[in-house]
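Participant: Model the following, please.
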Amino acid sequence: MSNIKEVVVHEVKKTLLVTLYFAAGFNLLVLLVGLMVDTVELKMGYFGAATFSAALTGKVVVLLETVGIDLKLKRTKLINVVVLKAILFTIVIFLAIVIEDILKGMIADDLTFREALHHVIASFNSHFFLARCIYMFMLFALYHFIFEVDKFLGTTELFDMVFSRFFNQKDREYIILSLRWNFEADVLNQQIKTTQDFTHKINQVLPKFKGTISSYELDGIMCLWENSDTKDFMNKAKEFFKEAQKLDGKYGVINIRGAVKKGIISEAEVGGFLKKEILRVSPVLDEVKAISRTESGLPLKEL
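Facilitator: So this is what the prediction gives:
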């Protein structure tokens, strides 16, 4: 029951945040059109319609991400992921808006399906329709850029890097999981290629279990789950390891194993504005890393 409640709360929060993002974007478009075009009078109804469209868009976006649309994309550049997903989401939202306009015409304006469809098709010729599509694409491109960077950085690093100085040391409790593997090939170049492919797959799996990757090595990764007073993510870490273990023998890796432990990590930002990273220091990090190197024993060792 608690898992269902956690999923529902997470989805509601995510839908709300996505809706707020698109509500700000759509209402900004209405405001700019009203300020730049003399024939358009700003009305509260326009802002209400923009907010309603944002709610529809937010729900569709969350549904698309829930079905794992990102898993269909192979390892590629970030710009390719952003552009491809922005195009795909724009097309889907366009279809949703068309359906919405048809239903609105049939219900609110008492039109037949054919009349409503003809009215929607006629709107395709307007410059406003083209401008709306371009604006939607740009909104989605920015959204997916933020989403992918946030997924890569994890926890609250993106927020801290943008809105706070974060130079002071912070002590946080984490679930630390060191994941290790061996290679089917002995050639270094092939091992590097295997690590690229395998870690890309892990990057797609880990966010589903609320975790983030702290660091990479040739034959391993360090994963983190930030604990709180109300949530203990040890079970999430174990569930992720079970999912990762299913990849044993695939992508050129074998003998997937790991060590997991709860502990305090001291972290601080190092570097400057142009180049900065999060430095994490803790004896627990060294402990789980050392245990995970052992190739005998249980696949996952809980310390």
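
Participant: can you give me the strands for the stretch 151-300 of the chain?
Facilitator: Secondary structure of the stretch 151-300 of the chain (DSSP state E, counting those that start in this stretch): strands located at 170-183, 212-217, 220-226, 253-271, 276-281, 300-302.

Participant: Run me through the strand neighbours of the second one, direction for each.
Facilitator: Using DSSP bridges, strand 212-217 pairs in its sheet with strand 220-226 (antiparallel).

Participant: quick one: low-confidence parts of the stretch 101-250 of the chain?
Facilitator: 108, 123-126, 128, 151-168 (pLDDT under 70).

Participant: can you rerun that using 80?
Facilitator: 101, 104-132, 147-169, 228-232 (pLDDT under 80).

Participant: returning to what we had before: ranking the strands of the stretch 151-300 of the chain by burial, who's on top?
Facilitator: strand 220-226 (a mean of 22; mean count of other C-beta atoms under 10 Å). C-beta here means a position set from N, CA and C on the backbone, and glycine is covered the same way.

Participant: Off-centre distance for that strand?
Facilitator: 17 Å (C-alpha atoms, centre = their mean, to the nearest Å).

Participant: and it with strand 276-281, angle?
Facilitator: Inter-element angle recorded for strand 220-226 and strand 276-281: 90 degrees (by axes from the mean of the first three to the mean of the last three C-alpha atoms, to 10 degrees).

Participant: Can you pull out the residues in contact with strand 220-226?
Facilitator: With C-beta atoms under 8 Å, 6 or more residues apart in numbering as the test, strand 220-226 has contacts from 154-156, 172-181, 199, 202, 206, 210-216, 233-234, 236-237, 240, 265, 285, 288-289, 292.

Participant: Next secondary structure element downstream of the helix or strand hosting Val98?
Facilitator: Element membership of Val98 [criterion: DSSP states H and E] is helix 78-107. Remark: after helix 78-107, the chain's next helix or strand is helix 113-123, criterion DSSP H and E.

Participant: other SSEs contacting that next one?
Facilitator: Applying 3 or more C-beta pairs under 8 Å, 6 or more residues apart in numbering; DSSP states H and E, we find helix 113-123 packed against helix 78-107.

Participant: Pull out the buried positions in the helix it packs on.
Facilitator: Across helix 78-107, burial judged by 16 or more other C-beta atoms under 10 Å covers 81-86, 88-90, 92-93, 97, 102, 105.

Participant: I'd like the distance between the residue nearest to Ile93 when sequence neighbours are not counted and Glu148.
Facilitator: Closest residue to Ile93 apart from its sequence neighbours, by C-beta to C-beta, 6 or more residues apart in numbering: Thr57 at 5.5 Å. Thr57 sits 19 Å away from Glu148 when distances are taken as C-beta to C-beta, to the nearest Å.

Participant: Who has more neighbours out of those two?
Facilitator: Thr57 (26 against 16; other C-beta atoms under 10 Å).
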